[in-house]
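1. Take this sequence and fold it.
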Amino acid sequence: MKAKSSVTVTRLALFCAAFLFAAIPVMSGCGDDGPVDQDVSINEDAAGDDVIEDSSQDTADDTTVDRVEDTSDDASEDNVEDLPGDSSGSELPPDAVECLPEPAGPVIRVNVYNDTNASSKTDLAQSRTDVDTPVAGVPVVMLAPNEDAGVTCEEGYHYFAPESDTTFTDGVRVVRIDAPPCRVTSHNVARRTPIALADGRWKMLVMGDSIPRMGSTEGNYFFDYVAEYLQDFGDIEIENVAFAGTESAHWLPDLANFQTKVLPKLSETDVVFISLGGNDIMHSMSDAPQGATLLDLLNIVEEAITTVETNLTAIFDAIREQNPDVDIVWLIYPNYAESDLWMQSTGSYAEMVANFFEEKLIGIMSWASGIDGLLLVDLFSRLSKDELDASLADELHYNAGGHRILADELFKILGGVLISGGEPTIGGERFIGINCDK
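-> Take a look at the predicted model:
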């Protein structure tokens, strides 16, 4: 696997040197373990903008994002889907209660704002501009250990105070945010998960490439950590049907993998986590003829990008058709080209390649943020270079530490809050951008 990845990285270095500033929304590869046949069924064991910092009450795992350009209208209207719970044209909720002074100690705080220009993209790539306004009257419920509820006040926030005067009881909370039926531009509001957990039963289906299969060890993958966080809520089930080498085409709705591994399970599933798209790019580059010109490579990448977007849209639609209420999560890969492992392969082209992928990952984020109702785990914005180096088991897969970071980001967008040492360390403050006009 490493040899093939190195060949691809070298080709990308040559490609990027000539087309560094080409406007192609390319994403980095992931899970490359060799191509597989398109219709296969492999048996696997189940298993002035101000950037908002979503880290004021979180651990060092939550980093400030300042590299994503927040443009107001770069999400294509053609990519916007009318999905349940995210219809356009709805009115904002009415004014709510007056905001009360917060206690001096730690709180769990939810902030909801009208993202008027739809500039926010993910939980970690969102901004509040001068035209954005707070949203009052949004119901917020906290589950476990004692249920509590309220609504956002006139300044757009609601907070939950500790059980005692100064500290929370250690453990896990889940916050349910009943956002109005509008676009959630920050793509970080799970609608099904809190309901399922309140009922004492929750199931996640993991599908896609080798990210959920390689790099770590049994019991130390992201889904293991999420299951550990949620274990006190009842019957927690996670089934992993991903396998290495998968491209987006291998999971199309009319093929065996989707029909046998995904479709029969959707009616009982609350979350579908998808890691797909990187292998399309990696395989297209590594399989290019040795005599391919730079123009040839450009065309190959363009075709691969179009294929990824088309295939993922079909997969999302098919899942929604079967289960309109399920939370669908898609992983945005980090900028692998920043890592020492990639830089060793790209040599003197290292900075060019890293800048190339930086630009193209911003493009792919904008495409994904144009899909209503989709939850996004944004490792691109989350991982600094040093954190990425520490998180990789090889050029593409994450070690146990990397899977812990992935788990924490997934846990947070599903509504999770972790209390440790009497205060929130994950999910203690969150920002929710909504847009009811687009």
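2. Just give me the neighbour total for Asp296.
-> By the measure other C-beta atoms under 10 Å, the count of residues near Asp296 is 12. Yep, even glycine has a C-beta here, placed from its N, CA and C like the rest.
3. which residue packs closest to it, ignoring adjacent ones?
-> Sequence neighbours aside, Ala288 is the residue nearest to Asp296 in space, at 6.7 Å (criterion: C-beta to C-beta, 6 or more residues apart in numbering).
4. Spell out the residue ranges of the helices in this protein.
-> All helices of the chain, identified by DSSP state H, fall at 2-19, 193-198, 222-230, 256, 278-286, 294-322, 340-346, 350-369, 379-382, 385-391, 400-413.
5. So for stretch 186-197, mean pLDDT?
-> In this model, stretch 186-197 has a mean pLDDT of 97.
6. can you list contacts of that stretch?
-> 85, 115, 120-123, 126, 141, 143, 174-177, 179, 202-203, 230, 233-234, 270-271, 325-327, 368-369, 374-376, 412-415, 430-433 (C-beta atoms under 8 Å, 6 or more residues apart in numbering).
7. which of these are buried?
-> Among the contacts of stretch 186-197, those scoring as buried are 85, 115, 120-123, 126, 141, 143, 174-177, 179, 202-203, 230, 233, 270-271, 326-327, 368-369, 374-376, 412-415, 430-433 (criterion: 16 or more other C-beta atoms under 10 Å).
8. hmm, back to that, number of nearby residues for the residue nearest to Asp296?
-> Ala288: 18 neighbours (other C-beta under 10 Å).
9. ok, it to Ile281 distance?
-> The gap separating Ala288 from Ile281 is 11 Å, by C-beta to C-beta, to the nearest Å.
10. where in the protein is pLDDT low?
-> Within the chain, the segments meeting pLDDT under 70 span 1-96, 294, 298, 438.
11. the residue most distant from the middle of this protein, which is it?
-> Here the chain reaches farthest from its C-alpha mean at Gly291, the gap being 37.2 Å by C-alpha atoms, centre = their mean.
12. if we can go back for a sec, so which of the helices of the chain comes closest to Ser164?
-> Minimum separation from Ser164 across the helices of the chain (C-beta to C-beta) falls at helix 222-230, 22.7 Å.
13. just how off-centre is the closest one within its chain?
-> 16 Å (C-alpha atoms, centre = their mean, to the nearest Å).
14. between it and helix 400-413, how big is the angle?
-> Angle of helix 222-230 versus helix 400-413, following axes from the mean of the first three to the mean of the last three C-alpha atoms, to 10 degrees, is 50 degrees.
15. So which residue is dead centre in the chain?
-> Nearest to the chain centroid, counting by C-alpha atoms, centre = their mean: Val377, 1.5 Å.
16. how close does that one get to Tyr225?
-> Between Val377 and Tyr225 the computed distance is 13 Å (C-beta to C-beta).
17. again, but for Ala350
-> Where Tyr225 is concerned, Ala350 sits at a distance of 32 Å (C-beta to C-beta).
18. likewise Arg404?
-> In terms of C-beta to C-beta, Arg404 sits 6 Å off from Tyr225.
19. Then Asp232?
-> For Asp232 relative to Tyr225 (C-beta to C-beta), the value is 14 Å.
20. Those two: which has the busier surroundings?
-> Tyr225 (20 against 12).
21. residues touching that one, list them.
-> For Tyr225, the contacting residues are His403, Arg404, Ala407, Asp408, Phe411, by C-beta under 8 Å, 6+ apart.
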